[in-house]
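A.B. asks: return atomic coordinates for the entry below.
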Amino acid sequence: MSLFLDYPAAPQTPVNQGPRYIFKLSIRNHKNPLQDFTKVSTNTFSQEQVDWGFSQMIALVDATKGSGYLRDDGAMVICLELKQDDVSQALILPGLVRNFLALLDSPGATSDLTLLAGGRSFPVHRLILAARCPYFKTLFESGFGDSGARELELPDVDPHAVAITLRCIYGDEPACPQRLLIPAAELADLWLLTDVRDALYERIAATANSATIARDLLWAEGRSGTEALVGQLEEVFASLADEMKQEDMAALEAKPPLMTRLLVAVAQDRGNKRRHTG
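C.D. replies: Next up, the predicted model:
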């Protein structure tokens, strides 16, 4: 079951000028409040992001009267808690963000550094990079050979991920196609952009499916800061175990500690379903 929050005025709202909300969606369990199912996220709504939510909120098989997620009359109680960011900041920041992004899109003579990746060049600004990205701040202050160069090569980096991550540095939301979520998250991690990285991790978990779950798990396993992501992916795997391809299962079995946790997650998921269905 998917739950998404829709902002009706979003199609008419310019990018980065929409309201930014922290929201919590909860599915109540009337038998046991300790089993209420809750997820939290943050989003700025605009014409490029008209809704936001969770593609895998709860398994349909769990939405039963026996489980407690449906009342005796068949109704499901869904609660929404909203908190909007400070209004004064909302009035000030969009203008600054537009100006920063305009500099990134059309730097002209203002650029004092060019990043090179995958045959593409990205004219950027040292001052903005140093102020908003710990990686570049450290590099520029290090005095090493590359710290004062006019061009900086980024080897083995996806240029599309560079474009997305630079927009985040200049103030845009960390949004990208599913195929670029992993390379963008890797680059955000490399550049020490933890907020961007964590937002991309959340999106990786939310969009995982039977075709991507094995790849996502193998990539996330053992990476720094991915403990919560791996836990979410293990839950997704448990709900998709019957849909997995043989070659994907073989790849997971090559990682015994991971496979052991996945089997435990599957057993727990099936046990929960049996209890809920009586």
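A.B. asks: what backbone torsions are found at residue 133?
C.D. replies: phi -140, psi 110 (degrees, to the nearest 10).
A.B. asks: dihedrals phi and psi, residue 124?
C.D. replies: Phi and psi for residue 124, reported as degrees, to the nearest 10, are phi -140, psi -170.
A.B. asks: which ones are touching residue 124?
C.D. replies: By C-beta atoms under 8 Å, 6 or more residues apart in numbering, residue 124 lies in contact with 104, 107, 111, 113, 114, 115, 166. Heads up, the C-betas are built off the backbone N, CA and C, glycines and all.
A.B. asks: helices of the stretch 1-150 of the chain, start to end?
C.D. replies: 87-105, 126-132, 134-142 (DSSP state H, counting those that start in this stretch).
A.B. asks: mean pLDDT lowest for which of those?
C.D. replies: Mean pLDDT is lowest for helix 87-105 among the helices of the stretch 1-150 of the chain, at a mean of 65.
A.B. asks: residues near residue 233, how many?
C.D. replies: As a burial measure, residue 233 scores 26 neighbours (other C-beta atoms under 10 Å).
A.B. asks: tell me which element it is part of?
C.D. replies: According to DSSP states H and E, residue 233 maps onto helix 227-240.
A.B. asks: what's the offset of that helix from the middle of its chain?
C.D. replies: Remark: helix 227-240 is offset 14 Å from the chain centroid, using C-alpha atoms, centre = their mean, to the nearest Å.
A.B. asks: what bridges to residue 122?
C.D. replies: When bridges are called by DSSP bridges, residue 122 pairs up with residue 115.
A.B. asks: extract the CA atoms of stretch 131-142 and return them as PDB.
C.D. replies: Only the C-alpha atoms of stretch 131-142 are listed here, as PDB (Å, rounded to 0.1, in the frame of the first residue of the first chain):
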ATOM      1  CA  ALA A 131      30.800  27.400   2.100                       C
ATOM      2  CA  ARG A 132      28.400  24.500   1.400                       C
ATOM      3  CA  CYS A 133      30.600  21.400   0.900                       C
ATOM      4  CA  PRO A 134      33.000  20.200   3.600                       C
ATOM      5  CA  TYR A 135      35.000  18.200   1.000                       C
ATOM      6  CA  PHE A 136      35.900  21.200  -1.100                       C
ATOM      7  CA  LYS A 137      36.400  23.500   1.900                       C
ATOM      8  CA  THR A 138      39.000  21.000   3.200                       C
ATOM      9  CA  LEU A 139      40.600  20.700  -0.300                       C
ATOM     10  CA  PHE A 140      40.900  24.400  -0.800                       C
ATOM     11  CA  GLU A 141      42.400  25.000   2.600                       C
ATOM     12  CA  SER A 142      44.900  22.100   2.300                       C
END
